[in-house]
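Undergrad: got a sequence here, can you build the structure:
(one chain, ligands or ions: 3)
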Amino acid sequence: MSVLELENGIVHTELAKINQELAPLNIYLDNWKFTSTHEVSYLLNKNLLDESERETVLRFYDTFLKQLMLETGVVSRDLLVLHPDDSYIDIHLQKFSTFHIHNDQEGRYVADGECIFGFVLPDRTQVKLTLQAGDYLNIPANTEHWFNLTKAKRLKTIRYFTFTKEWITEYTDRAIAPTFQLPELSANLAVAD
Ligand SMILES: CSCCC(=O)/C(O)=C/O
Ligand SMILES: [Fe+2]
Ligand code: NI
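TA: Ligands and ions are numbered 1, 2, ... in the order given. Modelled structure (predicted):
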């Protein structure tokens, strides 16, 4: 279940209400649950996946999300697997855990685990969106956001790309609202060096 927290402490869990709050940014959230095969359930329960296992999971979801990929002009996708068993996890998190934008839309389907996105609304207040398995989020290109893991420190997410040009991450100098700063991030960074 996705949860949207506003800087004033209000919390929304209804999809329609969350989409209403994010509408000024043209961000779209949905939730689809697909019944996994035994093989895919087994793979989603693993902490890390090798390339062929990631491809098996991607092909499984392709069968359900083909229409979405066509409608949103997706030309490629990958499966990002984040878990503390991956010695590079803190490098991945450092890349995305401060405000940034991309030159492509950010279509993300959460297949396993959970994650957090932060956004800034037109009134300059910030919001924090927690996604769980089954959630699909689409962030238009050039939309300021940050990303991190929850305390579960586990995520398998499909990333959909709409062009083959280099996917660029550009950092903005906006500070994350104190309300949403994640104390454990420093713990992650401590591990990083
Ligand atoms: C949930 S996708 C993993 C991180 C990523 O690709 C990104 O752009 C986060 O902002
Ligand atoms: Fe990003
Ligand atoms: Ni992103």
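
Undergrad: do the longest helix along the chain and ligand 1 come into contact?
TA: Assignment by DSSP state H gives helix 51-71 as the longest helix of the chain. No - if you take CB under 6 Å from any ligand atom as the test, helix 51-71 misses ligand 1, and the best it gets is 13.8 Å. (Each C-beta comes from the backbone N, C-alpha and C, glycine too.)

Undergrad: just name whatever secondary elements that helix is in contact with.
TA: helix 38-45, strand 76-82, strand 106-120, strand 155-161 (3 or more CB pairs under 8 Å, 6 or more residues apart in numbering; DSSP states H and E).

Undergrad: can I get the ones you listed in JSON lines with mean neighbour count and mean pLDDT?
TA: Shown next, in JSON lines, are those (neighbours: other CB atoms under 10 Å; pLDDT from 0 to 100):
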{"stretch": "helix 38-45", "mean neighbour count": "14", "mean pLDDT": "98"}
{"stretch": "strand 76-82", "mean neighbour count": "18", "mean pLDDT": "96"}
{"stretch": "strand 106-120", "mean neighbour count": "22", "mean pLDDT": "97"}
{"stretch": "strand 155-161", "mean neighbour count": "22", "mean pLDDT": "97"}
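
Undergrad: dump these to a markdown table, plus distance to F64.
TA: Output for these, formatted as a markdown table (distance: least, CB to CB, whole Å):
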| stretch | distance to F64 |
| --- | --- |
| helix 38-45 | 11 |
| strand 76-82 | 13 |
| strand 106-120 | 9 |
| strand 155-161 | 11 |
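
Undergrad: before we move on, back to that, buried set for the longest helix of the chain?
TA: For helix 51-71, burial by neighbour count (16 or more other CB atoms under 10 Å) applies to E53, R54, T56, V57, F60, Y61, L65, L68, M69.

Undergrad: what about that helix, average pLDDT?
TA: Mean pLDDT, helix 51-71: 96.

Undergrad: and the angle from it to strand 106-120?
TA: Helix 51-71 runs at 80 degrees relative to strand 106-120, counting by axes from the mean of the first three to the mean of the last three CA atoms, to 10 degrees.

Undergrad: on the pLDDT front, check T164 for me.
TA: T164 carries a pLDDT value of 72.

Undergrad: sorry, back to before: distance to ligand 1 added to the helices and strands packed on helix 51-71, as a markdown table?
TA: Shown next, in a markdown table, are the helices and strands packed on helix 51-71 (distance: least, CB to the nearest ligand atom, whole Å):
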| stretch | distance to ligand 1 |
| --- | --- |
| helix 38-45 | 15 |
| strand 76-82 | 5 |
| strand 106-120 | 5 |
| strand 155-161 | 4 |
